[in-house]
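A.B. asks: test case, fold it:
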Amino acid sequence: MKMLMLIVSDEKKEELEVLLGRAGVAGYTEIPGARGAGVTGPRMGSAAFPKTSAVLFTLVDDETLARVKESVRAYCQDCGERLKMAVWALEESF
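C.D. replies: Residues are numbered from 1 along each chain as shown. All right, here's what the predicted structure looks like:
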């Protein structure tokens with residue numbers, strides 16, 4: 001099992017949600033309106049820097065992770081969107 005974190009501009013979040021669903025992701029948790037700065041510049045939700053990001057977390061198996069990576073890479077190449085992904089290995093406990 002893997003924990004997948006995706007950071008995307010708020011205006012592209014719905015497109016990412018569609019990609020995740022098509023890749024077989026059953027559910028996710030979202031932190032909307034994330035603020036910060038990076039290679040795309042500041043995203044502060046302010047008058048000077050109005051953009052914000054969304055951070056999505058999901059748990060996936062290796063097969064689903066491979067489909068998500070493939071879908072996200074193709075999406076970024078097609079539209080030029082800069083999207084960040086991080087993956088952590090997890091131990092599942094109940």
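
A.B. asks: distance from the chain centre to the strand or helix carrying residue 85, please.
C.D. replies: Element membership for residue 85 (DSSP states H and E) is strand 84-89. Mean-position distance between strand 84-89 and its chain equals 9 Å (C-alpha atoms, centre = their mean, to the nearest Å).

A.B. asks: what sits closest to residue 24 if chain neighbours are left out?
C.D. replies: In space, and not counting its chain neighbours, residue 24 is closest to residue 64: 4.8 Å by C-beta to C-beta, 6 or more residues apart in numbering. Just so you know, the C-beta spots here come from the backbone N, C-alpha and C atoms, and that holds for glycine as well.

A.B. asks: separation between that neighbour and residue 72?
C.D. replies: 12 Å (C-beta to C-beta, to the nearest Å).

A.B. asks: ranges for the strands of this protein?
C.D. replies: 2-9, 29-34, 36-38, 41-43, 53-60, 84-89 (DSSP state E).

A.B. asks: relative to residue 22, which of the ones you listed is closest?
C.D. replies: strand 53-60 (13.4 Å; C-beta to C-beta).

A.B. asks: what is the distance between the closest one and the centre of its chain?
C.D. replies: 5 Å.

A.B. asks: for the chain, what's the longest helix?
C.D. replies: When the chain is scanned for its longest helix (criterion: DSSP state H), the result is helix 62-79.

A.B. asks: low-confidence regions, the chain specifically.
C.D. replies: 93-94 (pLDDT under 70).

A.B. asks: follow-up on the earlier one: just checking: what are the partner strands of the strand holding residue 85?
C.D. replies: Looking at strand 84-89 with DSSP bridges, its partner strands are strand 2-9 (antiparallel).
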